[in-house]
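K.L.:
no sequence for this one, just the structure:
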């Protein structure tokens, strides 16, 4: 296996701690030093089917954003399907999987100056089929950066748990990145997290402030999650949803909530709220909503549908009731997509400003 191309493995203390956000920003930052970059997610758990191949979602994102010029199947060599673990436990094929990962890495690294390897969850994820993140990092001969959520006590405790497994596999951790830190606490967290990590022999490589935009879903994501029908062809299709309002109150009270970033959830028979939104667009164009979700599968009448057709923001029709819709949106795990141009710009800026990229490159 290729042992000369510089590489780093991005791990985390838990799922959804910011591995993909960090990877997305680091690729852009590293590209300033190594123009030809590669990416691989050796073991993926969330995948889509492309040309009959199961490809991890994060791999698709990286390829669309950076045009990596490498077959997707090599950047995502193993997709953990629902029955993957059962089949492995019945008839282990460890050596086959190892060769698949290493050969995929060789192809990804071909004529590249640098390869970023992204893990899937904490260090132990994948242990059940003998390919924990710690083991995969060892197989790829990669040094590790651990991403964890902002704070001092709990994050460092979790880092130490992961550190033990990486050290057991003989993998070097070059440092830690704290994510989603309250901006007002940046200096305090930086000082004491640095002290706490140093006591564990670890270096603090960056502290990323929390940005609401990165945890806010778009109307497109919500539509996909609800499997809802789009009732119009809006000019603005990818609006960020920063606040949710249930249109269960009187129309006058609901109108007071109409402002940018707000998504209204309302039953289809509350046509007064829908029409009030249309009126607000004409009288206060700067107070445009993020979107409207009509619930219960109740389609408005033909006249209201004509009004909806002219609305500049998405209006979607969901089969579930208002409470179910609100619960699903509340529990939604927000993943960055390739068309989230504003989010991606924020991510790149965060990494460039708050992570010591030169130090990372020196350590690997």
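P.N.:
Sure thing, it's come through. Keep in mind that what you see is a predicted model, and the values were worked out from it rather than measured.
K.L.:
which other helices and strands does the helix or strand of the chain with the lowest mean pLDDT contact?
P.N.:
Lowest on mean pLDDT, DSSP states H and E among the helices and strands of the chain sits helix 251-255, with a mean of 76. Contacts defined by 3 or more CB pairs under 8 Å, 6 or more residues apart in numbering; DSSP states H and E place helix 251-255 against helix 271-283. For the C-beta atoms, the positions are set from N, CA and C on the backbone; glycine is no exception.
K.L.:
ok so, going back, beyond the least confident helix or strand of the chain, next helix or strand please.
P.N.:
Going down the chain from helix 251-255, the next helix or strand is strand 262-267, by DSSP states H and E.
K.L.:
and that following strand, how far out from the chain middle?
P.N.:
Centre-to-centre, strand 262-267 and its host chain are 25 Å apart (CA atoms, centre = their mean, to the nearest Å).
K.L.:
check stretch 23-38 too.
P.N.:
With CA atoms, centre = their mean, you get 18 Å for stretch 23-38.
K.L.:
now do the same end-to-end measure for it.
P.N.:
In stretch 23-38, first residue to last residue: 11 Å (CA to CA, to the nearest Å).
K.L.:
buried sites along that stretch?
P.N.:
By neighbour count on 16 or more other CB atoms under 10 Å, the buried set for stretch 23-38 is 23, 24, 25, 26, 27, 28, 29, 30, 34, 37, 38.
K.L.:
again, but for stretch 321-330
P.N.:
The neighbour-count check on stretch 321-330 (16+ other CB under 10 Å) flags 322, 325, 326, 329 as buried.
K.L.:
dump the residue contacts of residue 81.
P.N.:
Contacts here follow CB atoms under 8 Å, 6 or more residues apart in numbering; on that basis residue 81 touches residue 54.
K.L.:
hmm, residue 189 is touching residue 178, no?
P.N.:
Yes: in this structure, residue 189 is within contact of residue 178 by CB atoms under 8 Å, at 6.6 Å.
K.L.:
the two: which is more packed in?
P.N.:
Counted by other CB atoms under 10 Å, residue 189 and residue 178 do not tie: residue 178 has more neighbours, with 30 against 20.
K.L.:
got the buried residues of stretch 321-330 as CSV, with pLDDT and distance to residue 48 columns?
P.N.:
Formatted as CSV, the buried residues of stretch 321-330 follow (pLDDT from 0 to 100; distance: CB to CB, whole Å):
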residue, pLDDT, distance to residue 48
322, 91, 30
325, 94, 24
326, 93, 27
329, 92, 22
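K.L.:
make CSV from those and add distance to residue 1 and secondary structure to it.
P.N.:
Shown next, in CSV, are the buried residues of stretch 321-330 (distance: CB to CB, whole Å; DSSP: H, G, I helix; E, B strand; the rest coil):
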residue, distance to residue 1, secondary structure
322, 54, helix
325, 48, helix
326, 49, helix
329, 44, helix
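K.L.:
hmm, back to that, overlap of the contact sets of residue 189 and residue 178?
P.N.:
By CB under 8 Å, 6+ apart, the residues touching both residue 189 and residue 178 are 150, 151, 207.
K.L.:
any chance of these in TSV, plus secondary structure, neighbour count and distance to residue 267?
P.N.:
Output for those, formatted as TSV (DSSP: H, G, I helix; E, B strand; the rest coil; neighbours: other CB atoms under 10 Å; distance: CB to CB, whole Å):
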residue	secondary structure	neighbour count	distance to residue 267
150	coil	22	39
151	coil	18	41
207	strand	20	44
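K.L.:
between those residues, which is nearest residue 313?
P.N.:
Distance to residue 313, by CB to CB, is smallest for residue 150 among the shared contacts of residue 189 and residue 178, at 32.6 Å.
K.L.:
that'll do, ta.
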